[in-house]
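# sequence below, structure please.
(chains A and B)
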Number of protein chains: 2
Amino acid sequence: MSGGRAQATAFAPATVANVAVGFDILGFAIDGVGDRVTVKKIPEKTVRITRITGVPGANEIPCDAITNTGGVPLLNMIERCQLGFGFEVTIEKGITLGSGMGGSAASAVGAVVAANALLDQPLSREILLDLALDGEALASGARHADNIAPCLYGGMTLSEVSPVASVIELPFPRDLRVVVVNPGSRLDTKQARGVLKREIELKTHIAQSRRLAMFIAGLCESNYEWIKRGCEDVVIEPQRAHLIPGFAAVKKSALGAGALGCSISGAGPSVFALVQGAKTADTIRDAMIRAFAESGSISAQGWVSEISSRGAIVL
Amino acid sequence: MSGGRAQATAFAPATVANVAVGFDILGFAIDGVGDRVTVKKIPEKTVRITRITGVPGANEIPCDAITNTGGVPLLNMIERCQLGFGFEVTIEKGITLGSGMGGSAASAVGAVVAANALLDQPLSREILLDLALDGEALASGARHADNIAPCLYGGMTLSEVSPVASVIELPFPRDLRVVVVNPGSRLDTKQARGVLKREIELKTHIAQSRRLAMFIAGLCESNYEWIKRGCEDVVIEPQRAHLIPGFAAVKKSALGAGALGCSISGAGPSVFALVQGAKTADTIRDAMIRAFAESGSISAQGWVSEISSRGAIVL
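Numbers count the residues shown, from 1 in each chain, chains lettered A, B, ... in the order given. As a prediction, the model looks like this:
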């Protein structure tokens, strides 16, 4: 064990992946909700997860490092950096399990960001990205960066994992607001991936491409009309909507209340809406919560947020 | 026949459709190559195409208005606008037939733009777009706007035809240059569409979406690195490349000489490359022509151009 800090806590934000037209590639971070991961140096070159608290069900998460989304990246960090020490980890989950708000990504990112603060030679964000992806692979079955990237970098990200993991930080209009509503049920990412057909029609690809191009141009040019026209998923949402009771009603309520677009957050069951300006965001959140309640999800919880330009940070 | 001009000539530029990652949605106009369409009022409410000259084979194009890409839009214009007169049309083709450089679109757009100059109440660009699409449908079998839109609007366009035809004009970096090389052979658009599978793998859709998002962001942010990384077609080009003898060698030569990207122009057989700045564009054009020659296309012809911000104009 060398010198420097002996302990650090990182806050890693909740994230919305896919963002309607960017399945597996787009994501953004939100404010105020996230996981806190505290990492402490220990002499043994291993990872001990001693406590997982927070949201209901947090105690169900495996503490065995090799099966924990925060543990795996740290085990790999020890090996990759040939560290002379290990980590003791405690996780305070702020993101509801299986909510589609990037909880597993937040624990992975929080762990590497906190641990990085304890290294004599901190690692680059690119390497932290790579390490955190090892954790995400545990949760979703593959190295998807669409939650990891915005959680680590903040903002609106376009990510790729192959041939090497890399992230582009996209511009977005400053008064773009986000509503995220979690119905309170739980949906397994692997299950949500399982319903997807392995092929899509070429004409559907074209229709989605047109929307994606319009959405990206809208973000870059702060053109809300383009964002609105682009923010409609014709590939994934139609295949997954049935997994979320009340989805159609919730989406209708969001659009009816003035949202630019509304779709599934990550693999669901949380639903997000994009909104121009803070003014109508509260109304839209309330309408979405009400629509979920009328569909039987009486414990739905909602947030209004900016797209957080700040990713995970050491507290 | 009411008053006003009795005759007008329009120049309609050549265009590159698809632009690697924007099959059926993206296109741009180039400078210096195009069709000239002259339209004259006649008392009969009909369209008479009296002469088609220009590039070799121009005389093969049917002069019967109902089977001519410039004739059909004008017949529809007469009906739609309940005109009290008709048009006599002569077309001077500057765009090689079946070259993938938007020749049929240029004749359609040239015809409506010239005719529009003869109307007492000129039509909006949106209506001209709609009319010109009727002509394109003759050539490609469907109302595709990816050549029509840039030919009419100029610049780099993102277009849709359903539910209504509409065009977004995308920004692009001012020193972006284009090389287009026509090998001299002819490829029928319907044949080139015929080789395309009706479905694509979801993972291919994701890979292409990532590139498209990067490409659009690169155009908007004048980020050449993003344009370069985004300008690679993994959906259509692999299915069509075999239709163009020497394509792989030509692409390799373009990239080797410093092009940002290189792919098929429209349905081919012309090939385009995007280039940063005018300096290397000539070298890249020469390398592409040489590669075509080594593959047996000894009469390849090439152009270096800006993305023309001006669409079809009345001369």
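# quick check: mean pLDDT of the helix or strand residue A:180 falls within?
Using DSSP states H and E, residue A:180 sits within strand A:176-182. Here the mean pLDDT over strand A:176-182 is 98, rounded to a whole number.
# which helices and strands does it pack with?
Helices and strands touching strand A:176-182, by 3 or more C-beta pairs under 8 Å, 6 or more residues apart in numbering or on different chains; DSSP states H and E, are strand A:7-17, strand A:26-42, strand A:271-276, helix A:281-294, strand A:301-306. Any C-beta I mention is one placed from the backbone N, CA and C, and that applies to glycine too.
# skip ahead from the helix or strand of chain A with the lowest mean pLDDT and say which helix or strand is next.
Of all helical and strand segments in chain A, the minimum by mean pLDDT, DSSP states H and E falls on helix A:189-194, at a mean of 84. Scanning forward in sequence from helix A:189-194 by DSSP H and E, the next helix or strand is strand A:199-201.
# domain assignment for chain A?
A:7-169, A:176-306 (automatic domain parsing).
# of the ones you listed, which stretch is the most buried?
domain A:7-169 (a mean of 22; mean count of other C-beta atoms under 10 Å in any protein chain shown).
# mind checking how far that one is from the chain centre?
When distances are taken as C-alpha atoms, centre = their mean, to the nearest Å, domain A:7-169 is centred 10 Å away from the chain's centroid.
# so which of the helices and strands packed on strand A:176-182 gets nearest residue B:60?
Of all the helices and strands packed on strand A:176-182, it is strand A:26-42 that lies closest to residue B:60, at 47.8 Å by C-beta to C-beta.
# can you pull the pLDDT of the closest residue to chain B within chain A?
For chain A, the residue closest to chain B is residue A:220, as judged by C-beta to the nearest C-beta, at 3.5 Å. In the prediction, the pLDDT value recorded for residue A:220 is 98.
# helix, strand, or coil at it?
Each residue gets one of three states, and residue A:220 gets helix by DSSP: H, G, I helix; E, B strand; the rest coil.
# wait, what's in contact with it?
For residue A:220, the contacting residues are A:170, A:171, B:171, B:216, B:217, B:220, B:221, by C-beta atoms under 8 Å, 6 or more residues apart in numbering or on different chains.
# can you pick out the most distant pair from the residues you listed?
A:170 and B:171 (14.6 Å).
# could you check which of those two has the larger neighbour count?
Under the criterion of other C-beta atoms under 10 Å in any protein chain shown, the comparison of residue A:170 against residue B:171 puts residue A:170 first, with 23 against 15.
# and that one, what does it touch?
The contact partners of residue A:170, by C-beta under 8 Å, 6+ apart, come to A:155, A:156, A:157, A:158, A:216, A:219, A:220, B:217.
# out of these, which sit inside strands?
Among the contacts of residue A:170, the subset assigned to strands under DSSP state E consists of A:156, A:157, A:158.
# okay, and the beta partners of the first one?
If I follow you right, that is residue A:156. Taking DSSP bridges, one finds residue A:28, residue A:170 as the beta-bridge partners of residue A:156.
# pLDDT at it, what is it?
Each residue has a pLDDT score; the one for residue A:156 is 98.
# identify the residues contacting it.
A:19, A:26, A:27, A:28, A:150, A:169, A:170, A:171, A:172, A:219, A:307.
# looking at the helices and strands packed on strand A:176-182, which is nearest to residue B:298?
The closest approach between residue B:298 and any of the helices and strands packed on strand A:176-182, judged by C-beta to C-beta, belongs to strand A:26-42 at 46.5 Å.
# quickly run through the sheet partners of the helix or strand following the closest one, with directions.
Moving toward the C-terminus from strand A:26-42, the first helix or strand encountered (DSSP H and E) is strand A:47-54. Sheet neighbours of strand A:47-54, with direction, are listed as strand A:86-93 (parallel) (DSSP bridges).
# what is the mean pLDDT for the partner strand?
The average pLDDT for strand A:86-93 rounds to 98.
# export it as PDB, just CAs?
What follows is the C-alpha trace of strand A:86-93 in PDB, where atoms were taken according to Å, rounded to 0.1, in the frame of the first residue of the first chain:
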ATOM      1  CA  GLY A  86      -7.100  -4.000  -2.700                       C
ATOM      2  CA  PHE A  87     -10.400  -2.400  -1.900                       C
ATOM      3  CA  GLU A  88     -13.200  -2.500   0.600                       C
ATOM      4  CA  VAL A  89     -16.400  -1.300  -0.800                       C
ATOM      5  CA  THR A  90     -19.800  -0.100   0.500                       C
ATOM      6  CA  ILE A  91     -22.600   0.800  -1.900                       C
ATOM      7  CA  GLU A  92     -25.500   3.000  -1.100                       C
ATOM      8  CA  LYS A  93     -28.000   2.400  -3.900                       C
END
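# so how far is residue B:215 from the closest residue to residue A:228 other than its chain neighbours?
Take residue A:228 and drop its neighbours on the chain: the residue closest to it by C-beta to C-beta, 6 or more residues apart in numbering or on different chains is residue A:260, 4.3 Å away. Taking C-beta to C-beta, to the nearest Å as the measure, residue A:260 and residue B:215 are separated by 23 Å.
# ok, and the closest non-adjacent residue to residue A:282?
residue A:304 (5.9 Å).
# quick one: that neighbour and residue A:285, what's the gap?
The separation that residue A:304 has from residue A:285, given C-beta to C-beta, amounts to 5 Å.
# what's the overlap in contacts for those two?
With contacts taken as C-beta under 8 Å, 6+ apart, the residues that reach both residue A:304 and residue A:285 are residue A:179.
# between the contacts of residue A:170, which is nearest residue B:105?
The nearest member of these to residue B:105, counting by C-beta to C-beta, is residue A:216 at 25.4 Å.
# let me know whether that closest one touches residue A:231 as I believe.
No: the pair residue A:216 and residue A:231 fails to qualify as a contact (C-beta atoms under 8 Å) at a distance of 10.9 Å.
# for stretch A:26-38, give the mean pLDDT please.
If you average the per-residue pLDDT over stretch A:26-38, you get 97.
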